[in-house]
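J.: this one's structure only:
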Ligand code: GDP
Ligand code: MG
């Protein structure tokens with residue numbers, strides 16, 4: 001009997017909760033646990049919600065929710081409990097026994113592709129003689145059987161075979177309605193081991209539904225005979241569904257299967273875990289929006305998870321549309337769906353069903369790549385051919401390095417043309433301001449502070465756009481998933497998983513979204529380590545510094561120096577991860593599926609859209625924090641020199657010795673110079689001049705400010721014919737007679753900037769995502785210390801050459 005059938009004042013004992021996993025969890029948290037006694041406080045017909053009392057609390061449930069709670073009315077249960085103190089049947093030993101006979105009924109349903117051996121399994125289990133045939137469409141409706149096993153009574157149902165659970169064919173509709181209305185306790189997903197890819201597709205739909213599932217890996221005899229090997233235990237752990245090999249023709253493995261079903265039913269199986277089959281960034285974004293709207297509404301059936309409903313809505317599943325039509329928000333949800341669907345299909349130039357199917361097959365391919373070993377190769381297609389090279393043990397790694405090198409080369413070489421154009425516009429603008437404005441602080445502010453600072457950063461926009469384009473191309477084409485795949489072994493060696501690789505690569509763009517993306521890593525310690533090492537991934541804000549200094553000093557080997565810097569960041573990240581895993585976090589081994597989607601040529605529209613999104617962010621930063629910082633740096637560098645240059649005598653010894661130097665500017669220290677010189681003793685060993693020191697400090701709010709500060713500090717000389725920042729950097733200092741930057745100090749400076757304290761936004765993200773400020777503090781201190789040490793080593797070694 002179901003809870004919604006009780007009338008006011010009646011009591012019942014809870015037997016089990018049906019429905020999807022998240023719903024069951026929520027109900028259990030509210031106290032709806034087997035053996036607990038629930039009482040109807042208020043139950044007017046047609047009244048929704050219904051009020052109940054459980055564990056002395058009042059709870060109201062929707063009728064649809066109460067319908068998923070199976071109970072025995074207290075009077076039928078023949079249980080006499082002292083009402084004043086008992087809240088569960090377990091307070092009374094005899095009652096518990098009687099209750100358990102009610103509870104020990106498990107309803108199971110067989111779901112699987114046609115011809116995978118469901119009926120054979122059904123017959124052997126229940127002793128029935130249903131027709132078995134080696135062609136599809138034999139079972140047209142549900143056959144029921146009953147048997148006892150392990151002290152439980154099993155009600156088993158054989159359902160028609162289906163390839164998926166959409167509502168295209170009558171079989172599919174039938175199976176889905178059955179799962180919805182009859183809510184079996186455990187679904188047996190029969191999977192034919194002879195055709196895993198196609199069979200597991202249906203499994204991904206069951207995973208989306210978030211129901212209790214056990215996989216019967218049937219025709220296991222054929223798998224063994226073929227010589228193929230499947231690590232089904234690992235596969236089960238990866239997808240969060242226990243897998244038991246069976247041969248339903250002979251009955252082999254069935255006992256193990258039913259033992260597993262009992263364990264799942266009693267929540268005792270630890271392979272059970274709800275995972276999400278990742279459908280790609282764009283679809284996931286749409287799903288999240290829809291899920292939020294669906295979750296708000298309790299009228300929507302709790303039989304299936306909101307995620308499943310959202311996916312089916314995107315697929316225009318007419319029956320699921322009917323499910324939600326009772327909801328007062330139905331129109332709103334449909335409008336949202338149309339909007340998201342439009343967005344996704346436009347981005348991908350493909351219809352949603354193919355996108356989702358592609359991602360799901362990618363998920364399956366990834367799972368099988370790690371668990372399935374084929375004995376003889378026969379099927380060959382483009383994806384397989386490319387993968388044979390790209391994920392090859394020998395070539396995989398060099399190919400990855402080559403592709404990265406190509407990215408950096410494009411970023412630097414191709415980017416240098418538009419960079420030159422923007423540079424000349426900025427120069428022209430500065431020149432223009434200098435000519436038309438009267439001398440004074442305002443003129444200096446605009447030409448040196450704003451144009452020197454913001455202009456100095458904006459010239460790198462093309463490089464950043466190109467880098468983002470490359471990253472987005474690698475992601476959309478499916479290569480990034482392969483890169484993660486070949487990195488998996490390496491990542492395991494540092495105590496992480498290949499899945500951590502994607503947030504790390506995203507870090508090359510910007511560490512902030514990358515830290516957020518680490519959320520998808522299910523193991524907590526892996527997640528925190530991934531977050532902490534992310535700042536060592538050189539983000540695009542650091543790119544301008546490299547472009548500037550490499551262009552100035554290492555123009556001949558630009559791409560190589562680039563690659564070396566990025567690799568250094570990666571190496572430091574790996575060593576750090578290793579240390580953290582060894583010292584601080586204990587080992588954990590949650591296996592994941594790494595998706596291997598088929599290769600696709602990304603649509604230009606999607607790549608451009610992703611790239612432009614980043615460009616917009618960059619420009620916004622220009623107008624905001626970088627503008628403010630430039631003005632601030634300029635002001636700190638401008639004062640107090642320019643407001644009272646008569647009074648203050650200079651305090652700096654090394655400058656007074658150069659008293660005959662030309663400009664008044666150098667007679668006194670600016671605030672910035674004082675700051676720089678105060679900190680500089682610490683930075684001198686790594687080859688940094690005070691201006692470099694100040695730039696590094698100024699870069700803590702945002703790394704772009706390093707370059708804008710250099711732009712403000714090296715104002716250059718108005719008579720010079722070539723006023724580019726790189727020329728200004730190499731101009732000898734008027735006091736020391738030496739340029740501030742040499743190849744060695746430039747290299748050390750880049751290493752320092754690569755590794756030191758993450759920007760404020762990243763630290764904030766780290767604190768937010770880990771939930772502890774200590775991790776943010778660790779990141780700031782540890783990274784700066786490592787940066788100093790490695791910059792020191794770089795400087796000293798570079799000086800030898
Ligand atoms: P259904 O369509 O899923 O109900 O599949 P059936 O139970 O009708 O079985 C389809 C075919 O597969 C029949 O010829 C069975 O004899 C055969 N079969 C079922 N289970 C096994 C198995 O475990 N191993 C082998 N080798 N054949 C099986
Ligand atoms: Mg059948």
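T.: Perfect, I can see it now. These numbers were taken from a predicted model, which means no experiment stands behind them. Ligands and ions are numbered 1, 2, ... in the order given.
J.: How about residue 271: what's its closest non-neighbour residue?
T.: residue 242 (4.3 Å; C-beta to C-beta, 6 or more residues apart in numbering). Bear in mind the C-beta positions are built from the backbone N, C-alpha and C, glycine included.
J.: Now tell me which helix or strand of the protein has the poorest mean pLDDT.
T.: The helix or strand of the chain with the lowest confidence, counting by mean pLDDT, DSSP states H and E, is helix 653-656 at a mean of 40.
J.: which helices and strands sit right next to the following helix or strand past it?
T.: Taking DSSP states H and E as the definition, the helix or strand that follows helix 653-656 towards the C-terminus is helix 671-683. Other elements packing on helix 671-683 under the criterion 3 or more C-beta pairs under 8 Å, 6 or more residues apart in numbering; DSSP states H and E are helix 627-638, helix 690-698.
J.: in helix 671-683, what counts as buried?
T.: 672-677, 679-680, 683 (16 or more other C-beta atoms under 10 Å).
J.: Distance-wise, check the residue lying closest to residue 534 once chain neighbours are set aside relative to residue 761.
T.: Excluding the flanking residues, the one nearest residue 534 by C-beta to C-beta, 6+ apart is residue 507, at 4.7 Å. In this structure, residue 507 lies at 13 Å from residue 761, with C-beta to C-beta, to the nearest Å as the measure.
J.: What segments of the stretch 301-450 of the chain are strands?
T.: Shown for the stretch 301-450 of the chain, the strands assigned by DSSP state E, counting those that start in this stretch span residues 372-373.
J.: all helices for it, in order.
T.: 306-314, 318-325, 330-348, 352-371, 382-390, 396-409, 415-436, 441-444 (DSSP state H, counting those that start in this stretch).
J.: And the contacts of the longest one?
T.: If I follow you right, that is helix 415-436. Under the criterion C-beta atoms under 8 Å, 6 or more residues apart in numbering, residues 443, 446-447, 451-452, 455-456, 458-463, 466, 547, 551, 718, 723-724 lie in contact with helix 415-436.
J.: If I take that helix and helix 396-409, what angle do their directions form?
T.: Here helix 415-436 runs at 30 degrees with respect to helix 396-409, directions being taken by axes from the mean of the first three to the mean of the last three C-alpha atoms, to 10 degrees.
J.: so how far is helix 415-436 from its chain's centroid?
T.: On the basis of C-alpha atoms, centre = their mean, to the nearest Å, helix 415-436 sits 40 Å off its chain's mean C-alpha point.
J.: And for stretch 11-23?
T.: Centroid separation between stretch 11-23 and its chain, computed with C-alpha atoms, centre = their mean, is 32 Å.
J.: Span of it from start to end?
T.: 22 Å (C-alpha to C-alpha, to the nearest Å).
J.: Which of the helices or strands spans residue 490?
T.: Under the criterion DSSP H and E, the helix or strand holding residue 490 is helix 479-493.
J.: pLDDT averaged over stretch 24-33 - what is it?
T.: Per-residue pLDDT values across stretch 24-33 average out to 84.
J.: first vs last residue of that stretch, how far apart are they?
T.: For stretch 24-33, the first-to-last residue distance is 10 Å (C-alpha to C-alpha).
J.: and it, which residues are buried?
T.: Buried residues in stretch 24-33, counted by 16+ other C-beta under 10 Å: 24, 27, 31-32.
J.: how about TSV for those residues, with distance to ligand 1 added?
T.: Supplementary listing: the buried residues of stretch 24-33 in TSV, determined by distance: C-beta to the nearest ligand atom, whole Å:
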residue	distance to ligand 1
24	28
27	33
31	41
32	35
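J.: Which of the residues you listed sits closest to residue 703?
T.: The shortest gap between residue 703 and any of these belongs to residue 24, at 46.8 Å (C-beta to C-beta).
J.: okay, now the nearest residue to that closest one once chain neighbours are set aside: neighbour count?
T.: Closest residue to residue 24 apart from its sequence neighbours, by C-beta to C-beta, 6+ apart: residue 17 at 4.7 Å. Summarising burial for residue 17: neighbours were counted as other C-beta atoms under 10 Å, giving 21.
J.: One more: residue 771?
T.: Neighbourhood size, residue 771 [other C-beta under 10 Å]: 9.
J.: One more: residue 335?
T.: 12.
J.: so who does residue 179 touch?
T.: Here residue 179 is in contact with 109, 111, 165, 187, 209, 211, 303 (C-beta under 8 Å, 6+ apart).
J.: Could you measure from residue 206 over to residue 164?
T.: Applying C-beta to C-beta, the value for residue 206 to residue 164 is 10 Å.
J.: Spell out which residues are contacts of both of the two.
T.: Shared contacts of residue 206 and residue 164, defined by C-beta under 8 Å, 6+ apart, are absent.
J.: in terms of contact, does the residue nearest to residue 271 touch residue 217 like I think?
T.: No - counting by C-beta atoms under 8 Å, residue 242 sits too far from residue 217 to count as a contact (10.3 Å).
J.: how close does the residue nearest to residue 24 get to ligand 2?
T.: As defined by C-beta to the ion, to the nearest Å, residue 17 lies at a distance of 30 Å from ligand 2.
J.: Mind checking what secondary structure residue 541 has?
T.: For residue 541, the secondary structure call by DSSP: H, G, I helix; E, B strand; the rest coil comes out as coil.
J.: what helix or strand is whichever residue of the stretch 101-250 of the chain sits closest to ligand 2 on?
T.: Of all residues in the stretch 101-250 of the chain, the one sitting closest to ligand 2 is residue 119 (3.2 Å; C-beta to the ion). Residue 119 belongs to helix 118-126 when assigned by DSSP H and E.
J.: Give me the mean pLDDT for that helix.
T.: Taken as a whole, helix 118-126 carries a mean pLDDT of 88.
J.: Residue of the stretch 301-450 of the chain closest to ligand 1, please.
T.: residue 375 (17.3 Å; C-beta to the nearest ligand atom).
J.: Please report how far that residue lies from residue 61.
T.: When distance is defined by C-beta to C-beta, residue 375 is 54 Å away from residue 61.
J.: Equivalent analysis for residue 395, please.
T.: Counting by C-beta to C-beta, the gap between residue 395 and residue 61 amounts to 59 Å.
J.: what's the answer for residue 688, then?
T.: When distance is defined by C-beta to C-beta, residue 688 is 66 Å away from residue 61.
J.: Tell me how many other residues crowd residue 416.
T.: Residue 416: 16 neighbours (other C-beta under 10 Å).
J.: sorry, back to before: can you redo the helices of the stretch 301-450 of the chain as CSV with distance to ligand 1 and mean pLDDT?
T.: Supplementary listing: the helices of the stretch 301-450 of the chain in CSV, determined by distance: least, C-beta to the nearest ligand atom, whole Å; pLDDT from 0 to 100:
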stretch, distance to ligand 1, mean pLDDT
helix 306-314, 23, 91
helix 318-325, 24, 83
helix 330-348, 34, 90
helix 352-371, 20, 88
helix 382-390, 27, 76
helix 396-409, 36, 85
helix 415-436, 58, 87
helix 441-444, 82, 85
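J.: Tell me which of the helices and strands packed on helix 671-683 sits most buried.
T.: The highest mean neighbour count among the helices and strands packed on helix 671-683 belongs to helix 690-698 (a mean of 24), with neighbours defined as mean count of other C-beta atoms under 10 Å.
J.: same for the very next helix or strand once past it, what does it pack against?
T.: Per DSSP H and E, helix 690-698 leads on to helix 704-713 as the next helix or strand towards the C-terminus. Under the contact criterion of 3+ C-beta pairs under 8 Å, 6+ apart, helix 704-713 touches helix 452-458, helix 543-553, helix 627-638, helix 690-698, helix 725-730.
J.: buried residues in the shortest one?
T.: With burial defined by 16+ other C-beta under 10 Å, the residues of helix 725-730 counted as buried are 725-726, 728-729.
J.: Next: the first one.
T.: Using 16+ other C-beta under 10 Å as the burial criterion, the residues of helix 452-458 that qualify are 452-458.
J.: Determine how far it lies from the middle of the whole chain.
T.: Centroid separation between helix 452-458 and its chain, computed with C-alpha atoms, centre = their mean, is 33 Å.
J.: element containing the residue in the stretch 701-801 of the chain that ligand 2 sits nearest to, please.
T.: Taking C-beta to the ion as the measure, the stretch 701-801 of the chain has residue 769 as its residue closest to ligand 2, at 48.8 Å. Assigned by DSSP H and E, residue 769 falls within helix 760-770.
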